[in-house]
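[1] need the 3D shape of this:
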Amino acid sequence: MYIVNTIHICLKGGKNMKKKIITICIFVIVISPALVSALTVENQSVDNKKGQNGTLIGEKDVILSDEITWMKIFGGYGYEYGNAVQQTTDDGYIVIGTTPSYGPGTRAGWLIKIDEYGNEEWNKTYGGPGAEAAYDGQQTSDNGYIIVGFTDSYIENPDAWLVKTDEHGNVEWSKRYGGFFTEVGERVRQTNDEGYIMVGITKSYGSSDQNIWLLKTDKDGNELWNKTFGEENSGGSSVQQTNDGGYIIAGGIDSDTWGEAILIKTDTNGNQQWSKTYGGSNIDGAFSVQQTNDGGYIVLGNTISIEFGGYGAWLIRTDSEGNELWNKTYFGSGLGTVQLTNDGGFVFTDSINSLLFQAQLRIVKINKNGRTQWIRELGTTSNEGGSAIQQTNDGGYIVVGETDVNGFGVYDILVIKTDKNGRNTAMVNDFNKFSMKFFLQQIFHKFLDILEHQQLLYQVKK
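    As a prediction, this is how the structure comes out:
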């Protein structure tokens, strides 16, 4: 509203005034959102910190609580992806990702078990002579683990893939699901009946070339049913069983013009009860969904629609029927997960580019109304990104992502444990204060949004 009023005032100026005020108007329009973002703050002092192997990792002096905090890196000679993390019943953690450095094929699913201090207890790879990827998973009720992804070993086109292990990571069963074309499993959750629900994409089934795919199995991985949803080039990114025993799915679909985020609610048998799309004048999508305490939903996605603030991470809060209550943009990629926190708010992780175009892993804490409480940029001074986050038993956070700290564009898995305020000695930037760097960063991103919007308008006119 402030920007709209500013534009209105600018347009009211007479011909003799326009040349004098146009620069001021543009300046105010660009500065206003940056100032609003920067004024969420309190002050902190600074000090140099060093991380693993003496790597310079930041300039913020952090007074840590008694909570355990650490940073660990796992990897080999290739490009490793860290896709999911969860605290386990022994207060340690399980990390799920993909590695080309280990395993029998070109890539393998990778399960790493670490203790509460981040020390590795064991790691296992899964796959055959081809390429496999593990995108998600969790500890199961029997203290084993379930992993989802895809496999193309022994077949021409990839199939969706589930692997169930015991508590030590030893395979109990491995199942593939699919048809003649490509299928990929993106997320999996154990269900109330001890079975599993998987969401992803299918090119073998459904009414279009690529559809959202929901598949239910029993506890042994035997398929009970599968359902397809969506329109042309749609895909499912996240699934959760809801309080009524049904399921909520988040993903993206192609509309007539641009992509849109989508939520789909089903009953316990996968029959659609409702679906809602969210989007603007450009490409938007949803990557993570959680049911909230009031029965509604919180969705993390990405938008480059100018009416939502341009390129940025995008949070959408809905009621139990998927009707939007509010949406917020936070710059950054939005390519991570969102979780509920103990105080009724939300936390998400993703990556954000600095003024020098370097990507940094980021954690953003929001209250229940979408107001930013703090922002932390963690890791090393190399390129990093966050993929998944969870609040831990001590009120802190565990986050997984990637880092190229070893250089040469080869990424390793990065795992960081923070205190309850998202702080860690591996902190690059602490934006819970009025930071001139943060202020300039917001201006930088707003200029990029305006330039991108002008380019789109030019393309439309052509």
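[2] need the helices for this structure, in chain order.
    When assigned using DSSP state H, the helices of the chain occupy the ranges 2-12, 15-38, 436-461.
[3] any idea of the mean pLDDT in the second one?
    Per-residue pLDDT values across helix 15-38 average out to 44.
[4] and for the first one?
    Taken as a whole, helix 2-12 has a mean pLDDT of 35.
[5] the longest one now?
    When the per-residue pLDDT values of helix 436-461 are averaged, the result is 46.
[6] point out where this structure drops to low pLDDT.
    Segments of the chain classed as low confidence (criterion: pLDDT under 70) are 1-66, 255-258, 280-282, 304-311, 354-357, 407-409, 426-462.
[7] so where do the strands sit in the stretch 151-300 of the chain?
    Taking DSSP state E, counting those that start in this stretch to define them, one finds strands in the stretch 151-300 of the chain at 159-165, 171-177, 183-190, 196-202, 211-217, 223-229, 235-241, 247-254, 259-266, 272-278, 284-291, 297-303.
[8] any chance of the ones you listed in CSV, with mean neighbour count and distance to Thr88 too?
    Where you see a C-beta, it was placed from the backbone N, CA and C, and this is true even at glycine. Converted to CSV, these look like this (neighbours: other CB atoms under 10 Å; distance: least, CB to CB, whole Å):
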stretch, mean neighbour count, distance to Thr88
strand 159-165, 24, 13
strand 171-177, 16, 17
strand 183-190, 24, 14
strand 196-202, 26, 18
strand 211-217, 25, 22
strand 223-229, 17, 27
strand 235-241, 23, 20
strand 247-254, 25, 25
strand 259-266, 24, 29
strand 272-278, 16, 34
strand 284-291, 24, 20
strand 297-303, 26, 24
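[9] need these in CSV (columns: distance to Ser101).
    Formatted as CSV, the strands of the stretch 151-300 of the chain follow (distance: least, CB to CB, whole Å):
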stretch, distance to Ser101
strand 159-165, 19
strand 171-177, 20
strand 183-190, 22
strand 196-202, 25
strand 211-217, 30
strand 223-229, 32
strand 235-241, 27
strand 247-254, 31
strand 259-266, 34
strand 272-278, 39
strand 284-291, 26
strand 297-303, 29
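[10] doesn't Ser288 make contact with Val338?
    Yes - taking CB atoms under 8 Å as the contact criterion, Val338 and Ser288 are neighbours in contact, 4.9 Å apart.
[11] find residues that contact each of those two.
    Contact with both Val338 and Ser288 is made by residues Val299, Leu300, Phe348, according to CB atoms under 8 Å, 6 or more residues apart in numbering.
[12] any chance of those residues in a markdown table, plus distance to Glu120?
    As requested, the shared contacts of Val338 and Ser288 are arranged in a markdown table below (distance: CB to CB, whole Å):
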| residue | distance to Glu120 |
| --- | --- |
| Val299 | 34 |
| Leu300 | 29 |
| Phe348 | 27 |
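[13] let me know the closest of those to Val95.
    Minimum distance to Val95 across the shared contacts of Val338 and Ser288 is 18.5 Å, recorded for Phe348 (CB to CB).
[14] could you report the neighbour count for the closest one?
    Residue neighbour count, defined by other CB atoms under 10 Å, stands at 26 for Phe348.
[15] and it, how far from Gln240?
    From Phe348 across to Gln240, the span is 15 Å (CB to CB, to the nearest Å).
[16] what's near enough to touch the closest residue to Gly128 other than its chain neighbours?
    Counting by CB to CB, 6 or more residues apart in numbering, the nearest residue to Gly128 once its immediate chain neighbours are dropped is Ser153, at 3.0 Å. For Ser153, the contacting residues are Gly105, Gly127, Gly128, Pro129, Gly130, Ala131, Glu132, by CB under 8 Å, 6+ apart.
[17] now list the buried members of these.
    In the contacts of Ser153, burial by neighbour count holds for Gly105, Gly127, Gly128, Gly130, Ala131, Glu132, counting by 16 or more other CB atoms under 10 Å.
[18] dump these into CSV; add distance to Thr99 as well.
    Conversion of these to CSV gives the following (distance: CB to CB, whole Å):
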residue, distance to Thr99
Gly105, 10
Gly127, 10
Gly128, 14
Gly130, 14
Ala131, 11
Glu132, 10
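[19] just the ones of those residues in strands?
    Among the buried ones among the contacts of Ser153, the subset assigned to strands under DSSP state E consists of Glu132.
[20] and which of the buried ones among the contacts of Ser153 is nearest Tyr79?
    Comparing every one of those with Tyr79 (CB to CB), the shortest separation belongs to Ala131, at 12.5 Å.
[21] centre-most residue in the chain?
    Centroid-nearest residue in the chain, with CA atoms, centre = their mean: Gly336, separated by 0.8 Å.
[22] so how far is Gly285 from Ser234?
    The spacing between Ser234 and Gly285, counted by CB to CB, is 10 Å.
[23] same question for Ile96.
    Distance check for Ile96 against Gly285: by CB to CB, it reads 22 Å.
[24] equivalent analysis for Thr182, please.
    If you measure Thr182 against Gly285 using CB to CB, the figure is 19 Å.
[25] kindly report the same for Gln390.
    Separation of Gln390 from Gly285 (CB to CB) stands at 22 Å.
[26] cool, and Glu231?
    The spacing between Glu231 and Gly285, counted by CB to CB, is 13 Å.
[27] for Phe180, which non-adjacent residue is spatially closest?
    The shortest distance from Phe180 to any residue that is not its chain neighbour, by CB to CB, 6+ apart, is 5.5 Å, and that residue is Ser204.
[28] can you pull the contacts of that neighbour?
    For Ser204, the contacting residues are Gly178, Gly179, Phe180, Phe181, Thr182, Glu183, by CB under 8 Å, 6+ apart.
[29] now do Ser101
    Contact partners of Ser101, counting by CB under 8 Å, 6+ apart, are Gly75, Gly76, Tyr77, Gly78, Glu80.
[30] try Glu120
    Counted by CB under 8 Å, 6+ apart, Glu120 has contacts Phe74, Ile112, Lys113, Ile114.
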